[in-house]
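Asks: need the 3D shape of this:
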Amino acid sequence: MQIKKSIILRFGLLYIGIAALAVLILGKALYLRIVEGDKWEEVVEEHNNKDIVIDANRGDILASDYRKLACSVPTYRIYMDMRAHGLTDEVFNANIDSLALLLSRFYGDRSKTSFKSGLKTARAQGKRYYRVHPRRISFTELKKVKEFPIFRLGANKGGFIPRKYENRKLPFGELASRTVGSLYAEKDLGGRFGLEMAYNKSLKGVAGVSTRTRVSGNWVVEEQIEPIDGHDIVTTIDIGLQDVAETALLQQLQKHQADHGCAVLMEVATGKIRAIANLGQTTTGQYAEDYNYAIGAATEPGSTFKLASMIVALEDGVVQLSDSIETGNGRCRFYDRVMTDSHHGGYGTLSVKEVFEKSSNVGISKIIFDNYRENPRRYVDRLYSMNLKEPLGIEIKGEGRPVMKYPGDKTWSGVTLPWMSIGYEIQQTPLQVLTFYNAVANNGKMVKPMFVEKIQHHGEVIREMKPTVINPSICSLETIEKVHKMLVGVVENGTAKNIKSSRYQIAGKTGTAQIAKGSSGYKGEGGKKHQASFVGYFPADRPLYTCIVVVNAPSNNVYYANVVAGAVFKEISDRVYAQSFNHSDVETMYEVELAKHQPYSKGGKKEDLLTVLNDVGVMVHGQELESEWISTSAREHDISLRSKSFPAGIVPNVKGMGAKDAVAILENMGLKVKLSGVGRIKQQSMTAGQNYRKGSIIYLKMG
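Replies: The predicted structure is shown next:
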């Protein structure tokens, strides 16, 4: 026993000794790096300055209009070679007082005597790389310092050595900063996250090398390889739209004292991300871009996932929009758990369309459970076929992986199917949800989100990015038309009536989900937490943008999606519509997109259009629509019809229509029409969406 204690004691002492030694080594390493780092940097420079690396200029990250989102601004630190061949004692001693005085005035934190003492000591020691001052100065300041006594003689005669450093600046501050990214403190490591990291290889360029040798005490360049500047990255971000999204999100986060939130605006046809805002509450109570929630935060989406469940049911033909679903008193038991609706007392009997519009948990879960409980794989396989299980594979690192259970998994239970149908027991990021809704707006074609449009070098395009199709068709066009009606119904008649607009139509879905907190479940510390979401597209009859807003853990006892997230969506869509949709450039965008496909047709009266299209043998989807006026969406081999409404008292948008249809609509609304030109309507004198008085004159220009 005594021997055992002795051995333990010896090993204990040995362990303590090794630990103490490790602490000393670590402490010394930190001391050398932090306290004496600059000193040893000088030594390295002095002994290894035969080959000088010439840094390449890092490329800029630009907005879609070429304004700079991130750029490099050079700063300089001043060093002196006290053994420079031309720096004689006579020159040094004659100018040291004047130089010390000017340095003291310039830097402002040391006296003339202090600077003079430091310079004289370095001269006596014969230092080759003496740091005059630790502060970095701007290029403008450098030009001023170059005129100081001794320094104005240059490198060989005055020993003047300005060392260049690159500082990365964000001219627009916080706007999209998590997506733009940042650099590591050590320049050689490059991008730390965001586009700075994703495109680091293109941005950083190729460093050059200057090989020098000593001749008669002077450094002479033997060979110099010039650096190659980095490429510029032109992003899809629109500064104006980014500002709109970030401002609207910030106001709502502050109003409800939410933990964090995000908002993303995507171009339907291409997948280009025009705005991406991510704001989280800091320890001081302010909001900042501290994490890319839109890309990295995979959570249970809640009711926004009901769209996927309805597509599965409609695609399989197990329900039709007019079918009746009994939701009763808003409570339904599945094994040991009870599904409830948010509406007190329940909705009773609803049509399938109304179930979706009112976001009935009971209705959706009954549709899926009743039709797929015997074969849940059929339901999940449909979800998988719509790419809902796979990450998007975007270039920005840190994308959260979607989680979607499969029958037979260890965590699959009897209640998984009904809860999965309403967006629980699965996980998706906001960007993944948005991409799915964008596919619906894009008539079934799922495109990968785009963050970069092109890479260029000194203005010359090196590479131009094209939209990437993830899935050419997530479901049939018939199903797309049906869910489009439901999404419009949510805003017109359902849970998002508060964001309905009289100027343009919105299609979308609310989502209010409880947040699970690890082992403490959905209640967690401090009670229940919620996530409010709204995702949709606009204008609904001819979608150009999709948008998602997610607000996490709103306080003040207000957490419903239509109020919290819907308000942000409405603010963004209103501003985008006001800035873009009444201008000719947007009409041109539509024309360009439509020109890529054949056949092409104007919108107008359904009866007249069908007569012509059927006569020429064009395939038409949506002929069953009960609407006098329709808009058309041209695809590669067919045309899809959508209802077009004209609210009373509001000037309609008749651009793109033929004269006959435009005149019929406007005169039926009590307006007097004056036409000029031929072709289809290109301009209208009264702005679409404004109020008017009957008898007013509206001028239409055709071309």
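Asks: what pLDDT does Gln684 get?
Replies: Looking at Gln684, its pLDDT stands at 83.
Asks: please enumerate the strands of the stretch 1-150 of the chain.
Replies: Under the criterion DSSP state E, counting those that start in this stretch, the stretch 1-150 of the chain carries strands at the ranges 51-54, 61-62, 68-80, 130-131, 137-138.
Asks: determine which of those strands approaches Lys204 most closely.
Replies: Proximity to Lys204 (CB to CB) singles out strand 68-80 among these, at 10.4 Å. Heads up, the C-betas are built off the backbone N, CA and C, glycines and all.
Asks: mind listing what's buried along the closest one?
Replies: Under the neighbour-count criterion of 16 or more other CB atoms under 10 Å, strand 68-80 has Leu69, Ala70, Cys71, Ser72, Thr75, Tyr76, Arg77, Ile78, Tyr79, Met80 buried.
Asks: thinking Ala198 is in contact with Ile396, fair?
Replies: Yes - at 5.3 Å, Ala198 counts as touching Ile396 under the criterion of CB atoms under 8 Å.
Asks: out of those two, which sits in the more crowded spot?
Replies: Taking other CB atoms under 10 Å, Ala198 and Ile396 do not tie; Ile396 has more neighbours (24 against 20).
Asks: tell me the secondary structure at the more buried one.
Replies: coil (DSSP: H, G, I helix; E, B strand; the rest coil).
Asks: was I right about it contacting Gly191?
Replies: No - taking contacts as CB under 8 Å, Ile396 lies outside contact range of Gly191: 10.4 Å.
Asks: between the two, which contacts overlap?
Replies: Listed as contacting both Ile396 and Gly191 by CB atoms under 8 Å, 6 or more residues apart in numbering are Gly181, Met197, Ala198.
Asks: so who does Ile150 touch?
Replies: By CB under 8 Å, 6+ apart, the residues touching Ile150 are Leu87, Val91, Phe92, Asn95, Ile96, Leu99, Gly158, Gly159, Phe160.
Asks: in which helix or strand would I find the nearest residue to Tyr560 once chain neighbours are set aside?
Replies: Computed as CB to CB, 6 or more residues apart in numbering, the closest residue to Tyr560 that is not its neighbour in sequence is Thr512, at 5.5 Å. Applying DSSP states H and E as the criterion places Thr512 in strand 507-514.
Asks: now do Val549
Replies: Assigned by DSSP H and E, Val549 falls in strand 545-552.
Asks: name the helices or strands packed onto the helix or strand following that strand?
Replies: Scanning forward in sequence from strand 545-552 by DSSP H and E, the next helix or strand is helix 561-580. Where contact means 3 or more CB pairs under 8 Å, 6 or more residues apart in numbering; DSSP states H and E, helix 561-580 is packed against helix 239-256, strand 260-267, strand 507-514, strand 530-538, strand 545-552.
Asks: of the ones you listed, which is nearest Thr495?
Replies: Closest approach to Thr495 among the helices and strands packed on helix 561-580 (CB to CB): strand 507-514, 4.6 Å.
Asks: circling back to that earlier point, dump the helices and strands packed on helix 561-580 into a markdown table; add mean pLDDT as well.
Replies: Shown next, in a markdown table, are the helices and strands packed on helix 561-580 (pLDDT from 0 to 100):
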| stretch | mean pLDDT |
| --- | --- |
| helix 239-256 | 92 |
| strand 260-267 | 96 |
| strand 507-514 | 91 |
| strand 530-538 | 94 |
| strand 545-552 | 96 |
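Asks: compare these and give me the one nearest Asp336.
Replies: Using CB to CB, the nearest of those to Asp336 is strand 507-514, at 18.1 Å.
Asks: mind telling me which residue is nearest the centre of this structure?
Replies: With distances taken as CA atoms, centre = their mean, Ile276 lies nearest the centre of the chain, 3.2 Å away.
Asks: show me the contacts for it.
Replies: Ala176, Thr179, Ile237, Gln242, Ala245, Cys262, Ala263, Val264, Leu265, Asn292, Ala294.
Asks: quickly find the element holding the second one.
Replies: The one in question is Thr179. Take DSSP H and E as the rule and Thr179 turns out to sit in helix 177-180.
Asks: tell me how far that helix is from the chain's mean position?
Replies: With CA atoms, centre = their mean, to the nearest Å as the basis, helix 177-180 stands 8 Å off its chain's centre.
Asks: repeat that for stretch 388-396.
Replies: Its chain's C-alpha centre and that of stretch 388-396 lie 14 Å apart, by CA atoms, centre = their mean.
Asks: try stretch 447-456
Replies: Distance of stretch 447-456 from the chain centroid (CA atoms, centre = their mean) equals 12 Å.
Asks: can you check stretch 164-183 too?
Replies: 15 Å.
Asks: ok, stretch 243-262 next?
Replies: Here stretch 243-262 shows a centroid-to-chain-centroid distance of 15 Å under the convention CA atoms, centre = their mean.
Asks: how about stretch 500-511?
Replies: 22 Å.
Asks: measure that stretch end to end?
Replies: Using CA to CA, to the nearest Å, the end-to-end distance of stretch 500-511 comes out at 17 Å.
Asks: when you give positions from now on, start the count at 13
Replies: I'll keep to 13 as the first residue from here, and by that count the last item is stretch 512-523.
Asks: list the buried residues in that stretch.
Replies: Ser513, Arg515, Tyr516, Gln517, Ile518, Ala519, Gly520, Lys521, Thr522, Gly523.
Asks: out of the residues you listed, which two sit at the greatest distance?
Replies: Longest span within the buried residues of stretch 512-523, CB to CB: Arg515 and Gly523, 24.9 Å.
Asks: just the element for the residue nearest to Ala700 when sequence neighbours are not counted, please.
Replies: Using CB to CB, 6+ apart and skipping residues adjacent in sequence, the residue nearest Ala700 is Asn665, 3.6 Å away. Taking DSSP H and E as the definition, Asn665 sits outside all helices and strands.
Asks: what sits against the nearest residue to Thr423 once chain neighbours are set aside?
Replies: Residue nearest to Thr423 in three dimensions, not counting chain neighbours: Lys417, with 6.0 Å by CB to CB, 6+ apart. Residues near Lys417 by CB under 8 Å, 6+ apart: Val392, Thr423, Trp424, Thr428, Met432, Glu437, Ile438.
Asks: if you set the cut-off to 7 Å instead, what comes out?
Replies: Thr423, Trp424, Thr428, Met432, Glu437 (CB atoms under 7 Å, 6 or more residues apart in numbering).
Asks: kindly reformat the residues you listed as TSV and extend each row with pLDDT.
Replies: Below are the contacts of Lys417 laid out as TSV (pLDDT from 0 to 100):
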residue	pLDDT
Thr423	93
Trp424	95
Thr428	96
Met432	97
Glu437	94
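Asks: which other helices and strands contact the helix holding Thr191?
Replies: helix 206-210 (3 or more CB pairs under 7 Å, 6 or more residues apart in numbering; DSSP states H and E).
Asks: run the chain-centre distance for stretch 496-513.
Replies: Taking CA atoms, centre = their mean, the mean C-alpha location of stretch 496-513 is offset from the chain mean by 26 Å.
Asks: what does it rub up against?
Replies: With CB under 7 Å, 6+ apart, stretch 496-513 has contacts from 322, 333, 365, 368-371, 452, 517-522, 546, 548, 552, 574, 578, 581-582, 654.
Asks: which parts of that stretch are buried?
Replies: 496-504, 506-508, 511, 513.
Asks: repeat for stretch 399-415
Replies: Taking 16+ other CB under 10 Å as the criterion, stretch 399-415 shows Asn399, Leu400, Lys401, Leu404, Ile406, Glu407, Ile408, Glu411, Gly412, Pro414 as buried.
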